[in-house]
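**Student:** My questions are about this predicted structure, shown below with the sequence.
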Amino acid sequence: MEEVSEVEQHQAHREFFRDVLEDIHKIMETEYHLTNVSIKPVGAEVARLSIPIKIEGTDKDGNRVLYFGKILGGTDNMTSRAIQLFKNLYLHMNSMAPMFRVTESPEELARHQYEMMSAINALGIPTATPRGIHPLRAKLWLLVADFLDAKPIGDVPELTDELLDTVFSYLRKMHDNDIYHGDIKPDNLMFGEKEVYVVDIGNFMNEAPAEQKLAYDLASQITSFLEYRPAGRIVEIARKYYSSDEMIEASKYLDLIQRRPDIVLSDDNKEELLRLMNLKAKRSLRRRVMRP
């Protein structure tokens, strides 16, 4: 067999993505009634499971319209499966029940994102409102959502108490309505001029206990802010919305979160969080020891 040269491989990839972009152009023209469509990659340096794109076009009234798109494919699905399996293996090795769902196809990934983001939007929580999912060639899928005029957490001038309070209130509202995020991290919180947006969604097993999913979400949210605010203040604000028992359960997932590549959790911060989040347990033990 003749080996395919690196130049030929590069040319084949270029032709393939040109065909995919042609599909997206057709979708935006037929389904969203846009003309003069342009497509540009955005934020690819933090994307792990998709190719994010900015879609711009002109509507029938001559207005320029922006959409956000995610191209999901086979490689993305394999990466997602590997991540979920690793987390489940870690839980199993630590005598904890697995709770992360492995998706079977890019279509399933796209539909799950669409359905969960729609559910968050229906609660009145700001998000990138999903507009549709569409098949592309080679079993790729496109998720189309509103484009957000927002900044990542690292570009926010000051992460105030008010912003922290808003984010934890949104998480509590989601949990009270049986919606669990599954992939909270700094990149999945976006900040506009007046709004905080919850974006992207992970994938929990439907049968996983609600209290476990809540605990993992809560631990992920607390640790997502450690680069920007002191641990004590984050936990203090989180306690306005979550009970001591819920905080204690959340602390059990700090070791797993420390192994994630998308959240920075030092040993010192982890030990401080374990102390802060388990205050009730320590107080109860102290009371029992002090009884005559």
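**Tutor:** Structure received. Residues are numbered from 1 along each chain as shown.
**Student:** Strands of the stretch 151-292 of the chain, residue ranges please.
**Tutor:** Ranges of strands in the stretch 151-292 of the chain, per DSSP state E, counting those that start in this stretch, are 151-152, 189-191, 196-198.
**Student:** So which elements touch the first one?
**Tutor:** Judged by 3 or more CB pairs under 8 Å, 6 or more residues apart in numbering; DSSP states H and E, the packing partners of strand 151-152 are strand 189-191. Quick note: C-beta positions are derived from backbone N, CA and C, even for glycine.
**Student:** for stretch 211-231, which positions count as buried?
**Tutor:** 212-226, 229, 231 (16 or more other CB atoms under 10 Å).
**Student:** do the same with stretch 128-142
**Tutor:** Neighbour counts over stretch 128-142 (16+ other CB under 10 Å) mark 128, 130-131, 133-134, 136, 140-142 as buried.
**Student:** Tell me the secondary structure at T79.
**Tutor:** helix (DSSP: H, G, I helix; E, B strand; the rest coil).
**Student:** State the pLDDT value of it.
**Tutor:** Per-residue pLDDT puts T79 at 71.
**Student:** what about it, how many residues close to it?
**Tutor:** Look at T79: counted by other CB atoms under 10 Å, it has 13 neighbours.
**Student:** do the same with A97
**Tutor:** Residues contacting A97 under the criterion other CB under 10 Å number 12.
**Student:** What separation do you get for E227 and L273?
**Tutor:** Going from E227 to L273 by CB to CB, to the nearest Å gives 14 Å.
**Student:** Kindly report the same for H112.
**Tutor:** H112 sits at a distance of 30 Å from L273 (criterion: CB to CB).
**Student:** What of K213?
**Tutor:** Per CB to CB, K213 is found 19 Å from L273.
**Student:** cool, I83 as well?
**Tutor:** Using CB to CB, one gets 23 Å for the distance from I83 to L273.
**Student:** quick one, which of the two is more surrounded?
**Tutor:** Each of I83 and L273 has its neighbours counted (other CB under 10 Å); L273 has more, 24 against 19.
**Student:** In space, what's closest to that one - neighbours in sequence excluded?
**Tutor:** A231 (5.6 Å; CB to CB, 6 or more residues apart in numbering).
**Student:** swap in H92?
**Tutor:** Closest residue to H92 apart from its sequence neighbours, by CB to CB, 6+ apart: P98 at 5.9 Å.
**Student:** burial of that neighbour, as a residue count?
**Tutor:** Residues contacting P98 under the criterion other CB under 10 Å number 17.
**Student:** three-state assignment of it?
**Tutor:** Classified using three-state DSSP, P98 is coil.
**Student:** That one and F86 touch, don't they?
**Tutor:** No. At 10.9 Å, P98 does not count as touching F86 under the criterion of CB atoms under 8 Å.
**Student:** who's in contact with I234?
**Tutor:** By CB atoms under 8 Å, 6 or more residues apart in numbering, the residues touching I234 are 164, 222, 225-226.
**Student:** how about 6 Å then?
**Tutor:** With contact taken as CB atoms under 6 Å, 6 or more residues apart in numbering, I234 is in contact with 222, 225.
**Student:** Please report how far it lies from E227.
**Tutor:** Taken as CB to CB, the span from I234 to E227 is 11 Å.
**Student:** ok, now G69?
**Tutor:** 29 Å.
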